[in-house]
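# A structural model of the following input is requested.
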Amino acid sequence: MASRAHSEARLARSAARLAAVQALYQMELSGADWKTVRREFETHRLGAEIDGEQYREADIDLFRDILEGVVARQAAIDQLTDRALVEKWPLGRIDATLRAVFRAAGHELMARHDIPPKVTIGEYVDVAKAFFAEGKEAKFVNAVLDHMAREVRAADMAPR
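Residues are numbered from 1 along each chain as shown. Now for the predicted structure:
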């Protein structure tokens with residue numbers, strides 16, 4: 001039974017990350033306030049059925065932590081991301097969905113020392129796979145997040 005509960009908790013955390021990326025994307029495109037977007041997601045999306053799709057219940061605390069954390073430290077996260085990107089690809093030239101992925105993951109890498117960096121990287125690579133079918137974006141996300149993690153969580157990363 002404990003294994004089932006652990007599995008459900010893991011899936012709820014994954015759902016929170018996916019929802020946070022969607023919310024960050026929506027905030028950037030619409031210019032909506034983060035509290036408004038958070039309320040919309042919590043009221044109408046998380047765990048709801050939309051257009052025949054059942055959305056999984058999400059870990060609300062993690063969802064809120066990611067949104068609030070990104071808003072509080074977006075400049076620092078964006079600078080960290082810029083350093084991980086090649087010079088020809090500044091953050092402003094990156095797809096808005098990928099920016100949302102990098103911001104959510106950047107918050108976790110910078111502030112959530114209770115989550116191993118490899119878990120964060122793997123989770124957000126999976127989020128990228130949910131949005132991009134080809135797979136090259138997932139590889140790109142993996143490389144950028146690995147670079148970011150090595151900068152801010154070097155002690156937690158295995159040597160290359």
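
# nearest the middle, which residue of this structure would you pick?
With distances taken as CA atoms, centre = their mean, the residue of the chain nearest its centroid is Ala104 (3.5 Å).

# which residues does that one contact?
Going by CB atoms under 8 Å, 6 or more residues apart in numbering, Ala104 touches Arg17, Ala20, Val21, Leu24, Ile66, Val70, Tyr124, Val127. The C-beta positions use only the backbone N, C-alpha and C, and glycine is treated the same way.

# ok, and the most crowded of these?
Per-residue neighbour counts (other CB atoms under 10 Å) across those peak at Ala20, which has 29 neighbours.

# please identify the helix or strand for that residue.
Assigned by DSSP states H and E, Ala20 falls within helix 2-30.

# and if you look at Ile77?
Per DSSP H and E: helix 60-84 holds Ile77.

# off-centre distance for the following helix or strand past that helix?
The helix or strand immediately downstream of helix 60-84 is helix 96-111, counting by DSSP H and E. Centroid separation for helix 96-111 versus its chain: 5 Å, with CA atoms, centre = their mean, to the nearest Å.

# now do stretch 124-142
Distance of stretch 124-142 from the chain centroid (CA atoms, centre = their mean) equals 12 Å.

# swap in stretch 134-146?
That offset, for stretch 134-146, works out to 13 Å (CA atoms, centre = their mean).

# could you give me the buried positions within that stretch?
Glu137, Ala138, Phe140, Val141, Val144, Leu145, Asp146 (16 or more other CB atoms under 10 Å).

# please name the nearest non-neighbouring residue to the last one.
Spelled out, that is Asp146. Spatial nearest neighbour of Asp146, excluding adjacent residues (CB to CB, 6 or more residues apart in numbering): Ile121 at 6.2 Å.

# what's the answer for the fourth one, then?
In space, and not counting its chain neighbours, Val141 is closest to Ala128: 4.2 Å by CB to CB, 6+ apart.

# show me the shaky parts of this protein.
By pLDDT under 70, the weakly predicted segments of the chain are 1-2, 5, 45, 47-56, 87-92, 160.
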